[in-house]
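Q: With the input below, show me the fold.
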Amino acid sequence: MKEFFRREYLSVMSGTTMALIKIEDIEYIERRGRRSYIQMEHKRYATTEKIQVIASQIGGRAFFRAMDSLIINFDHVERMEADGIYFSSGHVFSMGKNNMAKTRKAYKMYLLRFPPYSTMTDDRRWGIFEASKVADQTEEDEGKKIEQE
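A: Below you'll find the model as predicted:
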């Protein structure tokens, strides 16, 4: 039972606040000064725990380290545009051009795990189109039709 809690929950303690939160409900974690802020859909927790320590506890999920001071949960991202990251809760997060480009690339890779891209071959997924393969397939199909007649 203890292993279940270690994998699914994160304890937050800071000052008078103590909470056990579900890791999957975290939208993003941001480090500002000496505090880390854990943003949920309707609640924000502050802790003095370093972001590196928190990151080690939530690894292996849909979290991405966009900057040294920011970890994003891609499961809660509704969309990404040039001006920012839009979360399903309505929160919007902006960052610099280079970090945004790196984050957009990682988010694209994350999205490729879902249909229809997850069912495509690598050639189709990356838009690689070879006319010779299509022509060969068409000739084979026509040959099968003639044999059946």
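
Q: The helix or strand harbouring residue 46 pairs with which strands?
A: The secondary structure element spanning residue 46 is strand 44-47 (assigned by DSSP states H and E). Note on strand 44-47: by DSSP bridges, its sheet partners are strand 35-39 (antiparallel).

Q: Pull out the buried residues from the strand it pairs with.
A: Along strand 35-39, the positions that meet the burial threshold by neighbour count (16 or more other CB atoms under 10 Å) are 36, 38, 39. The way it works is simple: take the backbone N, C-alpha and C, and place the C-beta from them, glycine included.

Q: Pairing partners for the residue nearest to residue 99 when sequence neighbours are not counted in the sheet, please.
A: Excluding its sequence neighbours, the residue lying closest to residue 99 (CB to CB, 6 or more residues apart in numbering) is residue 67, at 5.2 Å. Beta-bridge pairing for residue 67 (DSSP bridges): residue 70.

Q: hang on, the earlier thing: the strand holding residue 46: which residues count as buried?
A: Counting neighbours by 16+ other CB under 10 Å, one finds that the buried residues in strand 44-47 are 45, 47.

Q: And for the next helix or strand after it, what's in contact with it?
A: Helices and strands here follow DSSP H and E; after strand 44-47, the next one along the chain is helix 51-58. Judged by CB atoms under 8 Å, 6 or more residues apart in numbering, the contacts made with helix 51-58 from elsewhere in the structure are 10, 23, 26, 29, 31, 36, 38, 47, 63, 65, 68-69, 71.
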